[in-house]
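Asks: below is the sequence, then the predicted model.
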Amino acid sequence: MTVCYESMPRKIENEIDDEYYDSLQKYSTLYRILLSRPYLTETTFSKWNRIDLKLVNELGLTLAHLQKKNCWLEIDCRLLVEKNGEFKLCTEYQIHCRPLQHDAWEFNTNSGIAGFHHDTEGDFEYMITAVDEGMLLNDKHDCYIQIIPTCKSKQLIQAFPLVIGPIMIKEQSIVNTWNQDDTLVSLDIFHAYYVENDSFMLIKENWELGTPGKVWDSALVISQLFFDKIKSDSSQFKHRGILDLSAGTGCVGLLMALLYKQDKSNLPRITMTDLPEALDLIYQNRAYNRLESYTHVQPLRWGNRSDVQRLLKKGPIHTIIASDVIYEPASFPKLVKTLEWLSEAVKDIDIFLGYKRRGLGREDEQRFFDICAEKFIVNVLPIEANHKDWIIGNGFSNMFEETGVNVYQLVPK
Ligand SMILES: C[S@@+](CC[C@H](N)C(=O)[O-])C[C@H]1O[C@@H](n2cnc3c(N)ncnc32)[C@H](O)[C@@H]1O
């Protein structure tokens with residue numbers, strides 16, 4: 001069993017027992033497809049390349065015994081390219097995908113399908129060809145490969161598609177197949193939000209960073225919630241101050257900014273904050289999606305009054321989004337104090353908290369809401385069950401229910 005411990009505040013490595021493991025797995029119905037080996041960052045047309053994958057939940061836990069036995073997850077691929085600062089479906093090249101071809105020298109590699117078959121590790125091969133075969137490769141072309149579960153009824157596992165890249169397509173003669181040094185391989189991974197008109201937002205993840213380095217289930221639910229809100233009435237946030245507090249990858253604030261990029265007259269002032277050491281990934285994701293002019297980034301440590309004052313100097317905050325910040329009991333008073341300071345300037349501030357029960361005990365959970373209740377009225381937000389357009393791609397029955405994420409709205413008393 002491979003376990004990533006950085007996100008488990010309540011137990012340490014040698015205390016992980018089956019019961020605790022099961023409790024952490026309870027709401028893990030939305031898995032992440034990740035890499036188990038680096039991929040080559042250069043290829044040529046018509047060349048098959050191997051990709052090795054693993055399936056984990058948001059905590060980094062691999063499939064438990066029974067899930068592994070029942071696992072059947074076939075994947076397909078599509079190509080994304082950057083055009084005029086936007087990630088789009090590629091129309092000039094096509095990608096083909098097949099199960100890994102059996103290699104006589106390696107006995108464990110052939111899963112029979114492209115994807116995962118009775119295992120938490122999976123694999124496939126891909127090949128890129130030009131749609132117009134007479135096309136000449138004059139320039140270098142960078143592509144991103146999105147690895148998506150197919151919608152076959154046999155699928156028993158649901159997974160958030162992975163994106164890898166950029167992968168450069170070169171002339172056959174230029175690619176040096178012998179020189180497999182570090183410059184030709186990568187472990188860079190992204191997830192994509194489907195925004196509209198075949199355009200995507202790419203969010204880079206860095207699991208080595210720990211909690212700020214990945215998109216948590218709560219962020220997916222909150223992203224969907226705000227996507228729906230903006231789609232139904234984009235003027236509701238016009239010129240308002242929006243804070244994505246402890247933004248991690250920045251996916252929520254950046255998604256909002258991307259939606260307003262097409263609708264500049266309603267643009268709110270969007271700020272993403274986190275611990276100083278966590279900001280670099282937000283800067284990277286902002287740059288990938290060319291959203292520098294639409295967002296602000298700054299450090300904000302919970303319980304640090306001068307960080308809050310520095311933020312408020314730039315303008316009042318009307319909406320706070322705090323996704324998956326309730327997990328460390330020692331930080332609860334500082335976190336709630338921060339929300340209180342931020343609400344001092346605007347009395348009708350809206351605060352949205354995304355929370356998913358994982359390792360936190362009931363008593364600690366209650367303690368957090370008791371501290372909140374001293375200053376705020378806490379409401380559970382009803383979430384619409386009938387949904388069709390998922391930003392993480394269709395093929396999900398209900399992201400809201402399956403992730404076990406609750407969204408709370410806090411109203412100052
Ligand atoms: C579980 S992650 C959630 C990230 C992101 N909001 C999401 O849902 O994907 C928790 C976030 O809280 C941040 N955090 C932890 N302690 C903090 C503190 N004392 N002050 C500010 N942010 C903190 C982490 O850096 C991390 O980005």
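Replies: Thanks, I have the structure now.

Asks: residues near Y288, how many?
Replies: 17 (other CB atoms under 10 Å). Just so you know, the C-beta spots here come from the backbone N, C-alpha and C atoms, and that holds for glycine as well.

Asks: that one reaches E205, doesn't it?
Replies: No. If you go by CB atoms under 8 Å, Y288 and E205 don't touch, sitting 11.8 Å apart.

Asks: what is in contact with these two at once?
Replies: Shared contacts of Y288 and E205 (CB atoms under 8 Å, 6 or more residues apart in numbering): F190.

Asks: can I see the domain layout of this protein?
Replies: Following automatic domain parsing, one gets these domains for the chain: 30-54+68-187, 216-412.

Asks: who in this structure is up against the ligand?
Replies: By the rule CB under 6 Å from any ligand atom, the part of the chain lying against the ligand is 211-212, 215-216, 218-219, 246-248, 274-275, 278, 301-302, 323-325, 331.

Asks: got a quick PyMOL command for the buried subset of the residues you listed?
Replies: Buried residues among the residues of the chain next to the ligand (16 or more other CB atoms under 10 Å), as a PyMOL selection:
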select buried, resi 211+212+215+216+218+219+246+247+248+274+278+302+323+324+325+331
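
Asks: in the chain, which helix is the longest?
Replies: helix 217-232 (DSSP state H).

Asks: got a markdown table for the domains of the chain, with mean pLDDT too?
Replies: Formatted as a markdown table, the domains of the chain follow (pLDDT from 0 to 100):
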| stretch | mean pLDDT |
| --- | --- |
| domain 30-54+68-187 | 83 |
| domain 216-412 | 93 |
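
Asks: pick the most deeply packed of those.
Replies: Among the domains of the chain, the stretch with the highest mean neighbour count (mean count of other CB atoms under 10 Å) is domain 216-412, at a mean of 18.

Asks: end-to-end on it?
Replies: With CA to CA, to the nearest Å as the measure, the ends of domain 216-412 fall 27 Å from one another.

Asks: what's the answer for stretch 76-94, then?
Replies: End-to-end distance for stretch 76-94, by CA to CA: 12 Å.

Asks: what are the contacting residues of that stretch?
Replies: Outside of stretch 76-94, the residues within contact range by CB under 8 Å, 6+ apart are 45, 95, 97, 114, 124, 126, 128-132, 135, 141-150, 163, 165, 169, 192, 198-202, 289-290.

Asks: repeat that with 6 Å
Replies: Under the contact criterion CB atoms under 6 Å, 6 or more residues apart in numbering, stretch 76-94 has outside partners 95, 97, 126, 128-131, 143-148, 150, 198-200, 202, 290.

Asks: which ones among those residues map onto helices?
Replies: Per DSSP H, the contacts of stretch 76-94 never map to helices.

Asks: quick one on the thing from earlier: export the domains of the chain to a markdown table and tack on distance to T62?
Replies: Output for those, formatted as a markdown table (distance: least, CB to CB, whole Å):
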| stretch | distance to T62 |
| --- | --- |
| domain 30-54+68-187 | 4 |
| domain 216-412 | 16 |
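
Asks: which secondary structure element is home to M168?
Replies: strand 162-169 (DSSP states H and E).

Asks: after the top strand by length along the chain, next one along is what?
Replies: Counting residues, the longest strand found in the chain (DSSP state E) is strand 72-83. Sequence-wise, the next helix or strand downstream of strand 72-83 (DSSP H and E) is strand 86-89.

Asks: pull the distance from that next one to the chain's centre.
Replies: The chain centre lies 17 Å from the centre of strand 86-89; the measure is CA atoms, centre = their mean, to the nearest Å.

Asks: quick one on the thing from earlier: so which of the domains of the chain gets nearest G60?
Replies: Nearest to G60 among those is domain 30-54+68-187 (8.5 Å), distances taken as CB to CB.

Asks: where do the helices sit along the stretch 301-413 of the chain?
Replies: Under the criterion DSSP state H, counting those that start in this stretch, the stretch 301-413 of the chain contains helices at 305-313, 332-342, 362-373, 399-403.

Asks: turn those into a markdown table, including distance to E74.
Replies: Output for those, formatted as a markdown table (distance: least, CB to CB, whole Å):
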| stretch | distance to E74 |
| --- | --- |
| helix 305-313 | 46 |
| helix 332-342 | 42 |
| helix 362-373 | 38 |
| helix 399-403 | 19 |
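
Asks: list the strands paired with the helix or strand following the strand holding M168, with their directions.
Replies: Next helix or strand after strand 162-169 toward the C-terminus (DSSP H and E): strand 185-186. Neighbouring strands of strand 185-186 in its sheet, by DSSP bridges, are strand 39-40 (antiparallel).

Asks: need the next SSE after the partner strand, C-terminal direction.
Replies: That would be, after strand 39-40 and using DSSP H and E, strand 42-43.

Asks: now the next helix or strand after that following strand - C-alpha only, CSV.
Replies: Using DSSP H and E, the helix or strand that follows strand 42-43 in sequence is strand 49-56. Taking Å, rounded to 0.1, in the frame of the first residue of the first chain, the C-alpha atoms of strand 49-56 are listed here in CSV:
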residue,chain,number,x,y,z
ASN,A,49,5.4,6.4,-26.9
ARG,A,50,4.7,4.7,-23.6
ILE,A,51,3.1,6.4,-20.6
ASP,A,52,3.0,4.8,-17.1
LEU,A,53,0.3,5.9,-14.8
LYS,A,54,-1.1,5.3,-11.3
LEU,A,55,-4.5,5.8,-9.7
VAL,A,56,-4.7,7.6,-6.3
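
Asks: packing partners for strand 49-56?
Replies: strand 30-35, strand 121-130 (3 or more CB pairs under 6 Å, 6 or more residues apart in numbering; DSSP states H and E).

Asks: try 8 Å
Replies: Under the contact definition 3 or more CB pairs under 8 Å, 6 or more residues apart in numbering; DSSP states H and E, strand 49-56 sits against strand 30-35, strand 39-40, strand 115-117, strand 121-130, strand 141-149.

Asks: hmm, who's touching the shortest one?
Replies: Translated: strand 39-40. With CB under 8 Å, 6+ apart as the criterion, strand 39-40 contacts 49, 51, 164, 167, 180, 184-187.

Asks: farthest pair within those?
Replies: Using CB to CB, the contacts of strand 39-40 span at most 16.7 Å, a distance reached by I164 and Q180.

Asks: residues in contact with the residue nearest to the spatial centre of the chain?
Replies: Nearest residue to the geometric centre of the chain (CA atoms, centre = their mean): V215, 3.2 Å. By CB under 8 Å, 6+ apart, the residues touching V215 are 160, 191, 203, 205, 248-249, 251.
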